[in-house]
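Asker: Predicted model and sequence below, questions to follow.
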Amino acid sequence: MRYGPKTIAAVAVFAGVATMASAADLNGAGGTAIYPVLSVWAQTYQQKTGNKVNYQAIGSGGGVAQIKAKTVDFANTDKPLTHDELTAAGLVQFPQVVISIVPVVNLPGIKSGDLVLDGPTLANIFLGKITKWNDAAIKKLNPKAKLPETAILVAHRSDGSGTTFNFTDYLGKVSPEWKSQVGSDTAVQWPVGVGGKGNAGVAATVQQAAGSIGYVEYAYAKQNNLVAADLINAAGKRVKPTMEAFDSAAAHADFSKVQDFRLILTDQPGAKSWPITAATFMLLRTDADVAKNRDILKFLDYALRQGQADAKKLDYVPFPDVTIKQIEVSWKATLKAWP
């Protein structure tokens, strides 16, 4: 199943009428990074059970706001909340799948695998310090590539975005200047560039504008045939955005040592690890109707266990059984709605 930016936006808008749906429907909102696989899970789950899952792909910030306002049954965020934030809002969180974020470019004559960037160079592009594609720093990394003297157009998210949180978290880890001047959050003061709403908006900007660079969840790059750049990882190795590289980074996700599953997975060690991966999280209310929460958990458990093949097809990394069991134990302890 393939989704272009316009299709994703259209489905997300349609999902926005969730408040008019029947009481038996499950209504969620949040990050756009999970949307390609969540839409597949929802479609298959409805075919199997007859239960409908409506989801508004409005960004992590919007999802958090809606679950706090009690206007949706569940939310998704790529930026995990702190324990104090969860407690104050009456929420619980748990991971659903691992996403991977990739830099994508639109350069005539350059295809996926032709271009490699390291962290400091990527940060300097988004800082506006590197403004041409034939800059010495990019040429040094790509001595054989035919780099044009084209101005770089930076494309970034305009909405509150967990994808942005993880991308800027990575930039802060590889660039002290980025960390001190811009920082990391779902929304930052971008030094340069143009904004697009959602992963789909950034993908569309890069598709349409020659000389552009942006960042998207890998499924959007794959489905829209965008050119993804390779990266130099924490071990100093060049890695391509592949399932093997995503798996290698995700293997470091040990949720047993953190509170509320709050774990950041950017810049993981390992010669094969992709540098910008993240767990994406689901949020539920502790004061919600127990039967409603149980219906939501049945869907999310289906996705965790039976939706792994669909996740892998779209290059998301599903969790191993030990992590799924940790998640299910947390449901029983915090929501009283499982099994």
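Answerer: That came through fine. Note that this is a predicted model, so its numbers are computed, not measured.

Asker: only C-alpha atoms for contact and neighbour calcs from this point on.
Answerer: Fine.

Asker: Tell me the confidence at residue 19?
Answerer: The score at residue 19 is 37. That number is its pLDDT.

Asker: Over to residue 339?
Answerer: Reported pLDDT for residue 339: 88.

Asker: What residues does it make contact with?
Answerer: 294, 332 (C-alpha atoms under 8 Å, 6 or more residues apart in numbering).

Asker: Look up how far residue 289 lies from it.
Answerer: Residue 339 is 15 Å from residue 289, where distance means C-alpha to C-alpha, to the nearest Å.

Asker: for residue 183, same thing?
Answerer: The value you get for residue 183 to residue 289, if C-alpha to C-alpha is used, is 38 Å.

Asker: what about those two, which has more around it?
Answerer: residue 183 (20 against 12; other C-alpha atoms under 10 Å).

Asker: close enough to count as contact, the more buried one and residue 167?
Answerer: No. Using C-alpha atoms under 8 Å, residue 183 is not in contact with residue 167; the gap is 10.5 Å.

Asker: quick one: the helices in the stretch 201-339 of the chain?
Answerer: According to DSSP state H, counting those that start in this stretch, the stretch 201-339 of the chain carries its helices in the segments 218-223, 243-250, 290-305, 308-313, 321-334.

Asker: Under the pLDDT cut-off, which ranges of the chain? List them.
Answerer: 1-24 (pLDDT under 70).

Asker: where do the strands sit along it?
Answerer: 26-30, 53-57, 74-77, 91-105, 116-117, 153-157, 194-196, 212-217, 227-228, 230-232, 238-239, 277-285 (DSSP state E).

Asker: Name the stretch among those that sits most buried.
Answerer: For those, the largest average neighbour count (mean count of other C-alpha atoms under 10 Å) is found in strand 74-77, namely a mean of 30.

Asker: Paired strands for it, with orientation please.
Answerer: strand 26-30 (parallel), strand 277-285 (antiparallel) (DSSP bridges).

Asker: Dead centre of the protein: give me the residue that sits there.
Answerer: By C-alpha atoms, centre = their mean, the chain has its centre lying nearest to residue 33, at 3.8 Å.

Asker: quick one: that one and residue 197 touch, right?
Answerer: No. Here residue 33 does not reach residue 197: they are 11.9 Å apart, not a contact under C-alpha under 8 Å.

Asker: hang on, the earlier thing: mind listing what the residue nearest to the centre of the chain touches?
Answerer: Going by C-alpha under 8 Å, 6+ apart, residue 33 touches 78, 99, 163, 199, 216, 217.

Asker: okay, these in TSV with distance to residue 92 next?
Answerer: TSV is the format used below for the contacts of residue 33 (distance: C-alpha to C-alpha, whole Å):
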residue	distance to residue 92
78	14
99	20
163	20
199	25
216	27
217	24
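
Asker: so which of the residues you listed comes closest to residue 263?
Answerer: Distance ranking of those against residue 263, using C-alpha to C-alpha, places residue 78 first at 10.5 Å.

Asker: Next, work out how far apart that closest one and residue 180 are.
Answerer: Separation of residue 78 from residue 180 (C-alpha to C-alpha) stands at 22 Å.

Asker: which of the two has more neighbours?
Answerer: residue 78 (29 against 10).

Asker: Now do the same contact list for that one.
Answerer: Residue 78 sits next to 31, 33, 60, 161, 162, 163, 165, 166, 278, 279, 280, 281 when contact means C-alpha under 8 Å, 6+ apart.

Asker: Angles on the backbone of the residue nearest to the fourth one when sequence neighbours are not counted, please.
Answerer: Meaning residue 161. Nearest residue to residue 161, sequence neighbours excluded (C-alpha to C-alpha, 6 or more residues apart in numbering): residue 186, at 4.6 Å. For residue 186, the backbone dihedrals (degrees, to the nearest 10) come out as phi -70, psi -20.

Asker: unless I'm mixing things up, residue 186 is touching residue 158, no?
Answerer: No. Here residue 186 does not reach residue 158: they are 9.8 Å apart, not a contact under C-alpha under 8 Å.

Asker: before we move on, back to that, of all the strands of the chain, which one comes closest to residue 203?
Answerer: Comparing these by C-alpha to C-alpha, strand 212-217 comes nearest, at 6.8 Å.

Asker: other SSEs contacting the closest one?
Answerer: Using 3 or more C-alpha pairs under 8 Å, 6 or more residues apart in numbering; DSSP states H and E as the contact test, the elements touching strand 212-217 are strand 91-105, strand 153-157, helix 162-174, helix 198-208.

Asker: related to what we said a few turns ago, mind checking the strands of the chain for the one nearest to residue 322?
Answerer: Across the strands of the chain, residue 322 has its closest neighbour in strand 91-105 (12.8 Å, C-alpha to C-alpha).

Asker: Report all helices and strands that the closest one contacts.
Answerer: Judged by 3+ C-alpha pairs under 8 Å, 6+ apart, strand 91-105 is in contact with strand 212-217, helix 218-223, strand 227-228, strand 277-285, helix 290-305, helix 321-334.
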